[in-house]
Every structure is written in structure tokens, then in C-alpha cells.
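Asker: Starting from these lines, generate the structure:
(one chain, ligands or ions: 1)
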Amino acid sequence: MTIRAVVRGVGHYLPARVVPNAEFEASLDTSDEWIRTRSGIERRHFAAEGETTSDLGAAAARAALDDAGLGAADIDAIIVATSTPDLTFPSVATMIQAKIGLTTGFAFDVQAVCAGFVFALANANALILAGQARRVMVIGAETFSRILDFTDRSTCVLFGDGAGALILEAAGGEGTAADRGILSADLNSDGSHLDLLYVDGGVSTSGTAGHLRMQGNQVFRHAIEKLAETAHTALDKAGLSAADVDWIVPHQANLRIIEGTARRMQVPMERVVVTVQDHGNTSAASIPLALSVGKARGQVSEGDIVVTEAIGGGLAWGAVVLRW
Ligand code: ACO
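Answerer: Sure thing, here's the model as predicted:
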């Protein structure tokens, strides 16, 4: 018998404040039309003053527990993917652990920017396969609004805040692609591309949180090629091909990247979960948000082959293939 990390529950949380594109027209030389046509984004949510990444993550965690019919005490480990922690330390994961009333097990953060959720999923899978944990809560939670330069029209219109959570549980499988659960993962990074996407502050440099800086068109050039390649590699590892894919649930950065990657993978857009129009780019939160929204829409259901793929600062990129 093979151990598999199977999805037991999913949930998400979006802050109440919705910011439509038009709101940026008052302070910047931009337009709703430019933002829609270049990115596909129509609106995003911004956290309220005092509302932190761990608040968003804890709300998503509670929603996932409800969906799974579990209590906090049923969780052995929490992994949070984030680049916008409440504090430099402790981890957002330990803060969420406390907020949902859990004092046992272990919790830690993973930092791979927009690819963070894919990296966290692969780590959770490895913990379950190694017998270190039976149930792992994997959360992507971000408050990117706090690191945006609202005078830079080329970045501030693209990002949003939110959180999503997935509960993985150890279950027996046959070791074939017919099993439910995570079937394969492919992770990559190339640190020589730091200048394409980074935050210009930090603990050991400026001593401040800094602001996001991005050469968007350069990231774009890397994105479609690397995303299609990592998705194909992960499918190969699982013994599957693009024809087996029921849903691509991609990182939601830009509709043109999502469409370009699907085209390159030869998967029709009818089989892609798209939420970027409503959420903007929520970095590590975008995939679990899309999984939760996709399930609620009736798009992702039990037995479906799901491919998640993401690229972000580092550059760091990867894909996970799972049977829902
Ligand atoms: N409104 C109006 N004009 C704008 C705006 C704006 N908000 N922003 C930029 N422009 C202008 C630029 O100044 C430029 O003008 P110029 O030609 O006079 O110089 C023009 O629009 C075109 O700019 P580009 O950057 O070439 O536009 P592009 O078509 O590449 O779209 C975008 C920009 C949306 C950023 C796109 O490149 C993109 O999505 N890149 C990838 C982002 C991404 O995936 N990031 C990774 C994840 S994020 C993470 O890891 C944190």
C-alpha cells in the first residue's frame, strides 16, 4: 500500500473591502480599460486597517475545518506560504495556530513568493509520506496591499489581499495515478533573476518592510514557458498527460499568462479555473483561493485531476498534480 496526501477540506477568506479598477483612476495615470486588457483584473480585495495576514489565514483555516468537518485539534501541522508576515517573527503559521485554538503539533512558514503555495503543498506531501504528520493544513495568506507603492502604476494595480487553506490527510492508495491525493510535484528556482521581482527593503538591509518592485514584462517572458514546462514535468512524473487534466488551477497573476500557459499545454480554457478578475494577484494565496472558489462553483470535484502551477519572485516556480 502507498500513502497518499488526500484533500480533506478547503476554504478561503477575502477581506470585506472591494477595490474596483476605477478607484486607481483618481490618483494615477491609468484606466480600468488598461488594467482589464493587460491583466484581466477587474477588482481586488484590500485588508482593513489592523487586519493582518494571520487574521486572513485564520479565517480561511476555520472555513477549511468546517468544510472537512474537523476541529483544530485534528490538525498535526500547519504550513503557511506568505511573503507578507504580520511580524518578522514568529511565523504566521504559529499565529494562526494560536488563533484557531491549537497548542499541539507544529507550524512554520514557507517563503517562495507567488510560488509559495505550490512549495508548501509539496512540503506537506513530503511530511505526510514520511509519516511526520497525518493531517496538514496548508495555507496561503497575503496582505500585498501593505508592500505596494501606490505611486507606481505598473505594480500597485495588480495585487490584492486574501487567504485560502487546504487540509491534506494521509490515506492509503495503490501507487497509481488512479489514487486520490497528491500524485507528483516539480519545484524549481533560479536566484539569478532577483532584479526582476523583489521588495526593496528587509530586516538585514533597510530595516523596513520595503515596497514591491517588478519588471513585469520581463517576468511575463519567463512565465508562460516555465509554467508550461513545470506542469508537463509534474504530469510526466505522475504518469499522466495534458489530455488527462480536468482542471488547471493556476497562480492568478495575469489572464494573458493563464491563457498562454493553457494554450502551450494544449488544455482548453473551459478546463481552467480563473479568479484573477475578482481577486487580482494575491501571491501565495491565489491557488488555494482558486481551489476553494472552483469547488464552490462546482468546477473542481472528487476524482478530478488538478494541476496547480505558479511562478514568482526568485524566480521560483513549480507545479503539483493531484487527484481531488
Ligand atoms: N496604466 C496605464 N499604463 C501602464 C500601467 C498602468 N497601470 N502600467 C504600466 N503602464 C504602461 C507602461 O509604462 C508602458 O508604457 P510605455 O510603453 O510608454 O513605456 C506600457 O504600459 C506597457 O508596459 P508593459 O510593462 O510592457 O506592459 P505589459 O503588457 O507587459 O503588461 C503586466 C504589464 C500586466 C505587469 C505584465 O507584464 C505582467 O503581468 N507581468 C507578469 C507579472 C507576474 O506574473 N508576476 C509574477 C508573480 S508576482 C510575485 O511573485 C510577487
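Asker: Which positions in the protein make contact with the ligand?
Answerer: Contact residues, the chain versus the ligand (Cβ under 6 Å from any ligand atom): 30, 34-35, 38-39, 113-114, 153-154, 157-158, 197, 216-217, 219-220, 223, 253-254, 257, 281, 283, 311-313. All C-beta atoms are positioned from the backbone trio N, CA, C, and that covers glycine.
Asker: List the contacts of the helix or strand that contains residue 116.
Answerer: Element membership for residue 116 (DSSP states H and E) is helix 116-129. The contact list for helix 116-129 (Cβ atoms under 8 Å, 6 or more residues apart in numbering) reads 3, 5, 77, 79-83, 110, 112, 133-134, 136, 138-140, 164, 166, 168-170, 182, 185, 187, 251, 283-288, 308-310, 312, 316-320.
Asker: What segments of the stretch 151-300 of the chain are helices?
Answerer: Assigned helices in the stretch 151-300 of the chain, in chain order: 153-156, 216-238, 255-265, 276-279, 286-296 (criterion: DSSP state H, counting those that start in this stretch).
Asker: Would you mind finding the most buried of these?
Answerer: Across the helices of the stretch 151-300 of the chain, the average number of neighbours (mean count of other Cβ atoms under 10 Å) peaks for helix 286-296, which reaches a mean of 26.
Asker: Quick check: buried residues in the next helix or strand after that one?
Answerer: For helix 286-296, the following helix or strand on the C-terminal side (DSSP H and E) is strand 305-312. By neighbour count on 16 or more other Cβ atoms under 10 Å, the buried set for strand 305-312 is 305-312.
Asker: and the angle for strand 305-312 with helix 116-129?
Answerer: Computed by axes from the mean of the first three to the mean of the last three Cα atoms, to 10 degrees, the angle separating strand 305-312 from helix 116-129 equals 130 degrees.
Asker: What average pLDDT does strand 305-312 get?
Answerer: Averaged over strand 305-312, pLDDT sits at 98.
Asker: Same question for stretch 17-30.
Answerer: Averaging pLDDT along stretch 17-30 gives 97.
Asker: what number of residues lie near the residue nearest to residue 215 when sequence neighbours are not counted?
Answerer: Residue nearest to residue 215 in three dimensions, not counting chain neighbours: residue 196, with 5.0 Å by Cβ to Cβ, 6 or more residues apart in numbering. Counted with other Cβ atoms under 10 Å, the neighbours of residue 196 add up to 19.
Asker: Show me the strands in the stretch 101-250 of the chain, by range?
Answerer: Counting by DSSP state E, counting those that start in this stretch, residue ranges of the strands within the stretch 101-250 of the chain are 106-110, 135-143, 161-173, 181-189, 197-199, 212-214, 247-250.
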